[in-house]
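Engineer: got a predicted structure here, sequence first:
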Amino acid sequence: MLGSQELAPTLQKKRPGLGRRGETLRRCRDNELAYANDMRLSLSINSLRLIAWIAVLPVASAAQTPMKAIVIHSSGGPEVLKYEDVPRPQAKDDDILIRVMAAAVNPVDVFIREGRITHFPLIPGMDVAGVVEETGNKVTKFKRGDAIYAYLSFEEQGGYAEFAVTKQDHAALKPKSVDFEHAAAVPLAATTAWQALIEKAGLSAGQTVLIHGGSGGVGTFAVQIANARGAKVIATASTANQDLLKKLGVARRYSGAILWCSEKRWHHSLNYRGARPCRARETWHQGHRAWCTSRRKGVGRAGQVNRYWEDYANRFRGHAPGRCG
């Protein structure tokens, strides 16, 4: 047997070997730890990717969901209107996505289809009524399920479809007493009347306004807006629509399109596409302002009285002027 003194050198000779094995074990352990950390990091990244993918999936799915719409690919007659499948629009920021229940057809839609635009394809329609389907992340005025009516921008349009997008500031809650079909006829006509009388003409209480075509789409709103403003309303309409003018509260009603006046009897005159202008040249020289809401055959934009109006009046020179009531 080896004594303690003889065993000590032997143990001392084996210690370096044990140290190398220990270092190897430590390296293995460190490698395993590093591998485990890499796996955890990889799993975390993949988990985040999965969560992001799941979050985006409904949006991507909605973007790919088709809807029915009437689309025009070129200018022309009614034959260019095509019933097609198109991608459903998305609500962004302050947008609201509307499930369209009714859409209005305005004269301007016909003019646009006939060649007033050059960018195609286009889904026409600027007036809709329906139910809020989705809202953008900045929308505060509406929530999903709200019944609304809205104006769509001239550039985007999109009313002739199952779904349409508009800004929240271009929509309002639909009154419960009005159905979707009637509500859809309000936005564009009412906005036109408001812009002409209030924003452009600055109509105020006590003034008198002449409204041509007072029984038409814009005219009926103009009459009611003027009355609510405290103005006196004079209006023209066909003989068949005189009773409607009376119901709307028109103070003075005239049938026919010609209204010749030699005196300054009103502060503002509202004319729009489809209604003839007043043919009284004298009124312009007396400082009247005539507000027009369209441009056709020389008729100017709101606030302009141009050569066309004067030429129209010149045709009736020599006619005995009558008094306006």
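Structural biologist: Great, that's in hand.

Engineer: mind saving the C-alpha coords of the host helix or strand of Ala226 as CSV?
Structural biologist: Per DSSP states H and E, Ala226 falls inside helix 217-228. Taking C-alpha atoms only, helix 217-228 is exported to CSV below (Å, rounded to 0.1, in the frame of the first residue of the first chain):
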residue,chain,number,x,y,z
GLY,A,217,-84.1,69.7,-54.6
VAL,A,218,-81.8,72.6,-53.7
GLY,A,219,-84.6,75.1,-53.7
THR,A,220,-86.7,73.4,-51.0
PHE,A,221,-83.8,73.4,-48.6
ALA,A,222,-82.9,77.0,-49.5
VAL,A,223,-86.4,78.2,-48.7
GLN,A,224,-86.3,76.5,-45.3
ILE,A,225,-82.8,77.7,-44.5
ALA,A,226,-83.7,81.3,-45.4
ASN,A,227,-86.9,81.1,-43.3
ALA,A,228,-85.0,79.7,-40.3
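
Engineer: quick one: average confidence on the helix or strand just after it?
Structural biologist: Following the chain from helix 217-228 toward its C-terminal end, the next helix or strand by DSSP H and E is strand 232-237. Averaged over strand 232-237, pLDDT sits at 90.

Engineer: in strand 232-237, which residues are buried?
Structural biologist: For strand 232-237, the neighbour count (16 or more other C-beta atoms under 10 Å) marks 232-237 as buried. In short, each C-beta sits where N, CA and C put it, glycine included.

Engineer: can you give me the angle the helix holding Ala226 makes with strand 232-237?
Structural biologist: Angle between the axes of helix 217-228 and strand 232-237 is 160 degrees (criterion: axes from the mean of the first three to the mean of the last three C-alpha atoms, to 10 degrees).

Engineer: what's helix 217-228 packed up against?
Structural biologist: With contacts taken as 3 or more C-beta pairs under 8 Å, 6 or more residues apart in numbering; DSSP states H and E, helix 217-228 sits against helix 187-194, strand 208-211, strand 232-237, helix 242-248.

Engineer: same list, the ones you listed, but as TSV with distance to Pro121 please.
Structural biologist: Formatted as TSV, these follow (distance: least, C-beta to C-beta, whole Å):
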stretch	distance to Pro121
helix 187-194	22
strand 208-211	38
strand 232-237	39
helix 242-248	39
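
Engineer: out of the ones you listed, the one nearest Lys141 is which?
Structural biologist: For Lys141, the closest of those is helix 187-194, at 15.5 Å, according to C-beta to C-beta.

Engineer: phi first, then psi, for the residue nearest to Asn241 when sequence neighbours are not counted.
Structural biologist: Using C-beta to C-beta, 6 or more residues apart in numbering and skipping residues adjacent in sequence, the residue nearest Asn241 is Ser215, 3.6 Å away. Dihedral pair for Ser215: phi -100, psi 0, per degrees, to the nearest 10.
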